[in-house]
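*Asks:* I'd like to go over a predicted model; first the sequence, then the structure.
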Amino acid sequence: MIGYVTLGTNDLARAASFYDALLAEIGAKRTMELDRGIAWGVAQDKPSLVIMKPYDGKVASVGNGVMVALAVDSREKVDRVYKKALELGGKDEGPAGPRGEGFYAGYFRDLDGNKLDVFCLG
């Protein structure tokens, strides 16, 4: 159902470096590059993550209560992506670990303050 999610940035080059390194951990690569933004994905028929300077030219800001969840297939990958986000300068929003029965996740904010989590089921 979801085709892509867009997160705003005020510094495209800085955000691109963060997401190039972070999303490489789950096998994603750039699928589209525009003057104002970049998209990453694992396949053309799978959802993508896009960072973009706002179309209206105003400053990008973080939406309260908005979060993007990155699905992976193992707890090891959750741990690895979460750790990589923090190494790249992301901020901790909840360490990787179990969150109830059958759900394992780590929460962080990117360099622009957007909230993400990486998770697996089981």
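*Replies:* Thanks, I have the structure now. Computed from a predicted model, the values in this text were never measured in an experiment.

*Asks:* what are the ranges of the strands in this structure?
*Replies:* For the chain, strands defined by DSSP state E occupy the ranges 4-8, 29-33, 37-41, 48-52, 68-71, 91-98, 103-109, 115-121.

*Asks:* so residue 6 touches residue 54, yeah?
*Replies:* No - using Cβ atoms under 8 Å, residue 6 is not in contact with residue 54, being 9.7 Å away. (C-beta placed from N, C-alpha, C; glycine too.)

*Asks:* and stretch 89-104, how far from the chain's centre?
*Replies:* Stretch 89-104 sits 14 Å away from the centroid of its parent chain (Cα atoms, centre = their mean, to the nearest Å).

*Asks:* contacts for it next, please.
*Replies:* 18, 22, 75, 78-79, 82-83, 86, 105-111, 113, 115, 117-122 (Cβ atoms under 8 Å, 6 or more residues apart in numbering).

*Asks:* ok, stretch 61-70 next?
*Replies:* Outside stretch 61-70, the residues within contact range by Cβ under 8 Å, 6+ apart are 5, 7-8, 26, 49, 81, 105, 107, 109, 112-119.
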